[in-house]
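1. Here is the input, now give the coordinates:
(one chain, ligands or ions: 1)
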Amino acid sequence: NNTNGLATCRMLLAELEAHQDAWPFLTPVNHKAVPGYRKVIKKPMDFSTIREKLTNNQYLNLETFIVDVNLVFENCERFNEDDSEIGRAGHRMRSFFDKRWTELL
Ligand SMILES: Cc1ncccc1N[C@H]1CCCS(=O)(=O)C1
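-> Residues are numbered from 1 along each chain as shown. Reported below is the predicted structural model:
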């Protein structure tokens, strides 16, 4: 039910934030420091924004939470080369997340 969904969101987000490869995703990408980002990425998302939304009760359930987490990884794959530090971190974080939430189903 809904409460279980929110406890699961809190647990999953804590694990994402604590992951050693989370560093590119902990704060919003600084579009002043990253040329082209604002133009290319229409829906920026990061773990601190997800934390804020969770705190403000903006996620209806686990599914709406997963949509935002996946947006972090889709933006990363769109903007970063697979063969780059940030690109590789994104792939590692995505596979970590996919494995974790499916384990909890
Ligand atoms: C996820 C992402 N995609 C594209 C460019 C940059 C980033 N992340 C940055 C976030 C702040 C720290 S950093 O500047 O090292 C990396």
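2. any chance you could map the helices in the protein?
-> Taking DSSP state H as the criterion, the chain carries its helices at 2-18, 37-40, 47-55, 62-79, 85-104.
3. chain center to the third one: distance?
-> Once both centres are worked out by Cα atoms, centre = their mean, to the nearest Å, helix 47-55 turns out to sit 10 Å from its chain's centre.
4. again with the longest one
-> Taking Cα atoms, centre = their mean, one finds the center of helix 85-104 at 9 Å from the center of the full chain.
5. and it, which residues are buried?
-> 87-90, 93-94, 97, 101 (16 or more other Cβ atoms under 10 Å). All C-beta atoms are positioned from the backbone trio N, CA, C, and that covers glycine.
6. centroid residue for this protein?
-> Val69 (3.4 Å; Cα atoms, centre = their mean).
7. Could you tell me which residues of this protein lie near the ligand?
-> Residues of the chain found near the ligand (Cβ under 6 Å from any ligand atom) are 24-25, 27, 29, 34, 76, 79-80, 86.
8. Check this structure for the residue nearest the ligand and tell me.
-> With Cβ to the nearest ligand atom, the shortest gap between the chain and the ligand falls at Pro24, namely 3.8 Å.
9. Could you count how many residues lie near that residue?
-> Applying other Cβ atoms under 10 Å, we find 19 residues neighbouring Pro24.
10. which non-adjacent residue is nearest it?
-> Ile86 (4.6 Å; Cβ to Cβ, 6 or more residues apart in numbering).
11. Would you mind listing where this protein has pLDDT under the threshold?
-> 1-4 (pLDDT under 70).
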